[in-house]
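Asks: sequence and computational prediction follow.
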Amino acid sequence: MRWGYRPWAWLLLIGLLPARAAEYTGVLEWSQRTELALPVSGVVETVEVSPGQIVQAGQPLLRLDLTPFKAQVAELRAELDRYGEELADAKRELERAQELYARTVTSTTELDAAKLRHARAAAGLAAAQARLERARWQLAQAELRAPFNAIVLSRRAEPGMAVAAQCEPPVLMSLARADEILIRVRLSPSEAGVVRLGMRAEVALAGTIQAGVVRGLTHEGRSEAPYTMDVAIPRTEGLVAGLPASVKLP
């Protein structure tokens, strides 16, 4: 028995063959690049780090002169104590007025005046507490710390530099993740349609093969390759933004 030509048989055989992995070229980009500024104004006193340095989460990077911030906190503490004494005195006066009113010795007008003074003293104390909390927050914000384990990419502040945060705070430092770097690849809509966050990928870089994972798929709006795929790999010594790499998806 002879077999005739059956196109569907070839299609079936092709479908049984393993799919060819898609491969793309891209370049390394910093992961979680962050520009740091201060929300308070002052004069830079010390800068603790330099570009290229690895820093740990919470490590001090830069500090303003703390003298005016500490002085404001001390002033508001004194103001808070004064309002506390006024409230205690107003409370005693109110209790006395209530007692005299209960004995019909004083009038309603005198009792109302005591209540008003007590309410004003309580409001003054609450406002003073709020001002003190704000001053303490400003004191804490006068020191710039690393938000995560990072590599310092740039330093734009030096001791003696005045920082004005009223309008648009100036960028003082740029950081990126120290333990991870991205391979950024441009994709067409059809290529992007098969990409899923969390997909495993194989990255060829500097003669080595590394395991990566898809961390982002962004629509950039370009005509030819409107999508950007980010594949993350562990960052090791010598891996910096701009190096070429290739990514293979299953």
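Replies: Nice, I can see it.
Asks: lowest-pLDDT helix or strand in this protein?
Replies: The element with the least model confidence among the helices and strands of the chain, by mean pLDDT, DSSP states H and E, is helix 7-16, at a mean of 43.
Asks: partner strands of the helix or strand immediately after it in the chain and their direction?
Replies: Once helix 7-16 ends, the next helix or strand along the chain (criterion: DSSP states H and E) is strand 22-30. Strand 22-30 sits in its sheet next to strand 180-187 (antiparallel), strand 244-249 (antiparallel), going by DSSP bridges.
Asks: the longest strand in this structure is where?
Replies: For the chain, the strand that runs over the most residues, judged by DSSP state E, is strand 208-219.
Asks: what's that one packed up against?
Replies: In this structure, strand 208-219 makes packing contacts with strand 180-187, strand 200-205, strand 227-234, judged by 3 or more C-beta pairs under 8 Å, 6 or more residues apart in numbering; DSSP states H and E. In short, each C-beta sits where N, CA and C put it, glycine included.
Asks: switch the cut-off to 7 Å
Replies: Applying 3 or more C-beta pairs under 7 Å, 6 or more residues apart in numbering; DSSP states H and E, we find strand 208-219 packed against strand 200-205, strand 227-234.
Asks: out of these, nearest to Pro68?
Replies: When the helices and strands packed on strand 208-219 are compared by C-beta to C-beta, strand 227-234 sits nearest Pro68, at 42.8 Å.
Asks: what packs against the closest one?
Replies: Secondary-structure packing of strand 227-234 (3+ C-beta pairs under 7 Å, 6+ apart): strand 180-187, strand 200-205, strand 208-219.
Asks: and the longest one, which strands flank it?
Replies: Strands flanking strand 208-219 in the sheet, each with its direction: strand 200-205 (antiparallel), strand 227-234 (antiparallel) (DSSP bridges).
Asks: which residues does the spatially most central residue of the chain contact?
Replies: For the chain, the residue nearest the mean C-alpha position is Pro147 (6.9 Å; C-alpha atoms, centre = their mean). The contact partners of Pro147, by C-beta atoms under 7 Å, 6 or more residues apart in numbering, come to Thr34, Ala57.
Asks: any idea how far Ala176 is from it?
Replies: Distance of Pro147 to Ala176, computed by C-beta to C-beta, to the nearest Å: 11 Å.
Asks: can you count the residues close to Glu93?
Replies: Neighbourhood size, Glu93 [other C-beta atoms under 10 Å]: 17.
Asks: my guess is it contacts Ala114. True?
Replies: Yes. Applying C-beta atoms under 7 Å as the test, Glu93 and Ala114 come out as touching, 5.2 Å apart.
Asks: what is the burial count for the closest residue to Leu239 other than its chain neighbours?
Replies: What sits nearest to Leu239 in space, not counting adjacent residues and going by C-beta to C-beta, 6 or more residues apart in numbering, is Ile181, at 5.2 Å. Neighbour count of Ile181, defined by other C-beta under 10 Å: 25.
Asks: quick check: mean pLDDT of the helix or strand hosting Ala140?
Replies: Using DSSP H and E, Ala140 falls within helix 108-141. Across helix 108-141, pLDDT averages out at 95.
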